[in-house]
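[1] Quick one, fold the following:
(2 chains)
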2 protein chains.
Amino acid sequence: MSSPTVTDLIREVGEDNTSGAAELARKGAEVLVLLANQTAAPDAPQFLSELLTTGKALIQAQPSMAPLFNLVNAVLSSLETMQDADQARRAVKAAAQAFVAELNGRVERIALEALSLLSDGSTVLTHSRSSTVLRALLLAKERGRPFSVVCTESRPMYEGREVARELAQAGIETTLVVDSAVGHFVGQANTVMVGADSVSTRGLVNKMGTYGLALAAKARRVPFYALCGTEKFLPPDYPYLEIERKDPREVWEHAPEGITVLNYYFDVTPLAYVSGLVTERGILLRPQVEEMLRQPRVHELLL
Amino acid sequence: MSSPTVTDLIREVGEDNTSGAAELARKGAEVLVLLANQTAAPDAPQFLSELLTTGKALIQAQPSMAPLFNLVNAVLSSLETMQDADQARRAVKAAAQAFVAELNGRVERIALEALSLLSDGSTVLTHSRSSTVLRALLLAKERGRPFSVVCTESRPMYEGREVARELAQAGIETTLVVDSAVGHFVGQANTVMVGADSVSTRGLVNKMGTYGLALAAKARRVPFYALCGTEKFLPPDYPYLEIERKDPREVWEHAPEGITVLNYYFDVTPLAYVSGLVTERGILLRPQVEEMLRQPRVHELLL
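    Next up, the predicted model:
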């Protein structure tokens, strides 16, 4: 059996609908390291050109996965003014591996930061399943903090049930409600915590329903935080973002003729409804987030 | 087989979880007519006292069903200063029958009023299943008006699927989405139309999710109308209103131990989020509704 090619690996990334962002970034890094190992480019500019082609293909394989974009961006930026091909290859490998290594510890750092949002006896409302939110809540429980959680069931895939199960197993007081109940229940919560698929000046992209939840939180004056590392940040003019239409049968298996069933996994919450982001750099309040997002460091070739 | 007693009929009303408000009001009227036919009260004050006991029992059999309250209120008010028992019995029967007769034509009048909210080519978003909203949309189609509808699936019972089915069968362009998608889709709608179980100064009681939808409509500046006759109006100090907790298995049939599944059918939308009500008296804008609700004509014995 021959080793996989760069093209094979990119196809694999594109077809991977189960891995989280960190795992996909790890696979993306493998692609770039493989390219660096296999390239026959005679000089750095030629290698940069190959890297750009491969990097763009990688981003487009999963255009909503912000960490892939940021990985490619970090790797391209590591080359800067290099001329020597070998030096460039080493720099790319180092940058890709550093990006992945950095991601690995990030969830735990964010979970630690989130502890300060949980006052004793408070109730957290969460929507869908964010592994970062889940880790933050489990860490708080490990630290002996008393709190309770309200989870939405998260149609159509019910991943909120999985969250409820994991929290309850850890001994956390857990309530589950239908998705439409957030308007009612957010008023009984002290904090909303969700994850994020990406963040840009256009808003927070996260599981469908996040926007409605954020509106309700604002109306009830409940702070709304997204737990997400800066690898989820995207520049204002990121050209690849699209919200895919998913299989309608996930919503209604045998819908009668003549009814259009629309199934989108994500919506976009304007930053005006976000109190702040819990990142590996600490809790960033909205004005700070907006400033960072307006001034991204993006390699010129990527835009 | 002996004829049913007043007590039997009240028990039937209490156990009836399938009939709509109009049908329950009809059954309620039967109770009061039966009482008027059977009473041995020697004078009007004695009969009034019996009527009050029976009326309160009827209201408490289905305390969220505003038309029962308004039926009893109308019937009590019909007695006023009467002294003669026979005259009082005739007045009660007439008032009960008039109340029901009036209700029968009301849905059609509301549907006609709602036509003015539908401009050509517009999109209506609705939530759950209101027979009045459904009738209004079907009437608009019968009148040849071009419009489309977005329905929510309406968990946990999915009655939104039934709405979608009925609309599509009538040839109306119909889209169905998960409940959490209202935040996203309300921005594409021109009008929100929902029903109501009751309205008071405390807000609009309707299917769980109505409040979140109203918040989203306000944020996206989409007019939010409830279609409901004034038989749904309740006084500010209505003492019987409660939002029942329903069977959690409707939400999650086999929820693991340790997870509290909360299933409420209704939430309360503050009137601040309601653009207006479409009633049998025309489209009433919020300030008008608030004034009517603040000054209800309630028989003194009922409060």
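[2] what are the ranges of the helices in the stretch 201-303 of chain A?
    Secondary structure of the stretch 201-303 of chain A by DSSP state H, counting those that start in this stretch: the helices cover A:210-219, A:286-294.
[3] Spit out the contact partners of residue A:243.
    A:64, A:205, A:264-268 (CB atoms under 8 Å, 6 or more residues apart in numbering or on different chains). C-beta coordinates here come from the backbone N, C-alpha and C atoms, glycine included.
[4] out of those residues, who's near chain B?
    For chain B, the contacts drawn from these by CB under 8 Å from any CB of the partner chain are A:264, A:267-268.
[5] and after the helix of greatest length in chain A, which helix or strand comes next?
    If you go by DSSP state H, chain A has its longest helix at helix A:85-114. Sequence order places strand A:122-126 as the next helix or strand after helix A:85-114, per DSSP states H and E.
[6] got any ranges where the stretch 101-250 of chain A has weak pLDDT?
    The model of the stretch 101-250 of chain A has no residue with pLDDT under 70.
[7] Show me which residues of it sit near chain B.
    A:127, A:152-156, A:161, A:164-165, A:168-169, A:173-185, A:208-216, A:219.
[8] Buried only: go through the ones next to chain B among the contacts of residue A:243 for me.
    Neighbour-count burial (16 or more other CB atoms under 10 Å in any protein chain shown) applied to these gives A:264, A:267-268.
[9] do you know which of the helices of the stretch 201-303 of chain A lies nearest residue A:197?
    helix A:210-219 (9.6 Å; CB to CB).
[10] just checking, what packs against that closest one?
    helix A:182-185, strand A:191-194, strand A:224-227, strand A:266-269, helix B:182-185, helix B:210-219 (3 or more CB pairs under 8 Å, 6 or more residues apart in numbering or on different chains; DSSP states H and E).
[11] Extract the C-alpha trace of it and format it as PDB.
    What follows is helix A:210-219 as a C-alpha-only set of coordinates in PDB (Å, rounded to 0.1, in the frame of the first residue of the first chain):
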ATOM      1  CA  THR A 210     -27.300  30.400  19.100                       C
ATOM      2  CA  TYR A 211     -28.500  33.700  17.600                       C
ATOM      3  CA  GLY A 212     -32.000  33.300  19.100                       C
ATOM      4  CA  LEU A 213     -30.400  32.400  22.500                       C
ATOM      5  CA  ALA A 214     -28.200  35.500  22.300                       C
ATOM      6  CA  LEU A 215     -31.200  37.700  21.600                       C
ATOM      7  CA  ALA A 216     -33.100  36.200  24.600                       C
ATOM      8  CA  ALA A 217     -30.000  36.600  26.800                       C
ATOM      9  CA  LYS A 218     -29.700  40.300  25.900                       C
ATOM     10  CA  ALA A 219     -33.400  40.900  26.500                       C
END
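[12] who's in contact with that helix?
    Residues contacting helix A:210-219 (CB under 8 Å, 6+ apart): A:125, A:127-128, A:152, A:182-183, A:186, A:192, A:194, A:204, A:223-224, A:267-270, A:273-274, B:180-184, B:211-212, B:215-216, B:219.
[13] Ok, stretch A:84-98 next?
    With CB under 8 Å, 6+ apart as the criterion, stretch A:84-98 contacts A:28-29, A:32-33, A:35-37, A:39, A:41-44, A:46-48, A:51, A:71, A:74-75, A:77-79, A:82.
[14] which residue sits closest to the residue in the stretch 1-150 of chain A positioned nearest to chain B in space, ignoring its chain neighbours?
    Using CB to the nearest CB, residue A:127 is the residue of the stretch 1-150 of chain A that sits closest to chain B, at 7.6 Å. Distances taken as CB to CB, 6 or more residues apart in numbering or on different chains place residue A:152 nearest to residue A:127, at 4.7 Å, with adjacent residues excluded.
[15] quick one: the one you found and residue A:177 touch, right?
    Yes - assessed by CB atoms under 8 Å, residue A:152 is found in contact with residue A:177 at 6.2 Å.
[16] quick revisit: out of the contacts of residue A:243, flag the one nearest to chain B.
    Nearest to chain B among the contacts of residue A:243, with distances taken as CB to the nearest CB, is residue A:267, at 4.3 Å.
[17] Report the separation between that closest one and residue A:17.
    19 Å (CB to CB, to the nearest Å).
[18] thinking again about what came up before, now the contacts of residue A:243 in JSON lines, with distance to residue B:292?
    JSON lines is the format used below for the contacts of residue A:243 (distance: CB to CB, whole Å):
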{"residue": "A:64", "distance to residue B:292": "49"}
{"residue": "A:205", "distance to residue B:292": "44"}
{"residue": "A:264", "distance to residue B:292": "40"}
{"residue": "A:265", "distance to residue B:292": "44"}
{"residue": "A:266", "distance to residue B:292": "42"}
{"residue": "A:267", "distance to residue B:292": "37"}
{"residue": "A:268", "distance to residue B:292": "39"}
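[19] Let's see which of the contacts of stretch A:84-98 end up in helices.
    A:28-29, A:32-33, A:35-37, A:44, A:46-48, A:51, A:71, A:74-75, A:77.
[20] Narrow these to those that are buried.
    A:28-29, A:32-33, A:35-36, A:44, A:47-48, A:51, A:71, A:74-75, A:77.
[21] so who does residue A:149 touch?
    Residue A:149 neighbours (CB under 8 Å, 6+ apart): A:123-126, A:137, A:164, A:167, A:172-175.
[22] Go through the helices and strands packed on helix A:210-219 and name the closest to residue B:118.
    Here helix B:210-219 is closest among these (CB to CB), at 16.0 Å.
[23] tell me how far the closest one is from the chain's mean position?
    The chain centre lies 19 Å from the centre of helix B:210-219; the measure is CA atoms, centre = their mean, to the nearest Å.
[24] could you flag which of the residues of the stretch 101-250 of chain A next to chain B are buried?
    Looks like these have A:127, A:152-156, A:161, A:164-165, A:168, A:173-185, A:208-216, A:219 buried, using 16+ other CB under 10 Å.
[25] Of all residues in chain A, which one is nearest the centre?
    residue A:197 (3.1 Å; CA atoms, centre = their mean).
[26] wait, it sits on residue A:232?
    Yes - contact criterion CB under 8 Å: residue A:197 and residue A:232 qualify, at 6.9 Å.
[27] which neighbours do these two share?
    Joint contacts of residue A:197 and residue A:232 (CB under 8 Å, 6+ apart) are A:21, A:66.
[28] tell me the pLDDT at the residue located most distally from the centre of chain A?
    Note on chain A: the largest C-alpha distance from the chain mean falls to residue A:42, namely 36.5 Å (CA atoms, centre = their mean). Per-residue pLDDT puts residue A:42 at 90.
[29] and it, what does it touch?
    Applying CB under 8 Å, 6+ apart, we find residue A:42 in contact with residue A:85.
[30] Mutual contacts of residue A:152 and residue A:177, please.
    Counting by CB under 8 Å, 6+ apart, nothing touches both residue A:152 and residue A:177.
[31] Can you name the residues that contact residue A:110?
    Here residue A:110 is in contact with A:132, A:135-136, A:227-229, A:278-280 (CB under 8 Å, 6+ apart).
[32] Kindly report the same for residue A:257.
    residue B:168.
[33] Please apply the same query to residue A:267.
    Neighbour list for residue A:267: A:205-212, A:243, B:181, B:183-184 [criterion: CB under 8 Å, 6+ apart].
[34] Relative to residue B:251, which of these is nearest.
    For the contacts of residue A:267, the nearest to residue B:251 is residue A:209 (15.7 Å; CB to CB).
[35] which non-adjacent residue is nearest that closest one?
    In space, residue A:209 is closest to residue B:180, 2.7 Å off (CB to CB, 6+ apart).
[36] I figured residue A:79 hits residue A:46, correct?
    No - the criterion here is CB under 8 Å, and residue A:79 misses it with residue A:46 at 11.6 Å.
[37] give me the number of residues near residue A:245?
    For residue A:245, the neighbour count with other CB atoms under 10 Å in any protein chain shown is 10.
[38] That concludes my questions; thank you for your assistance.
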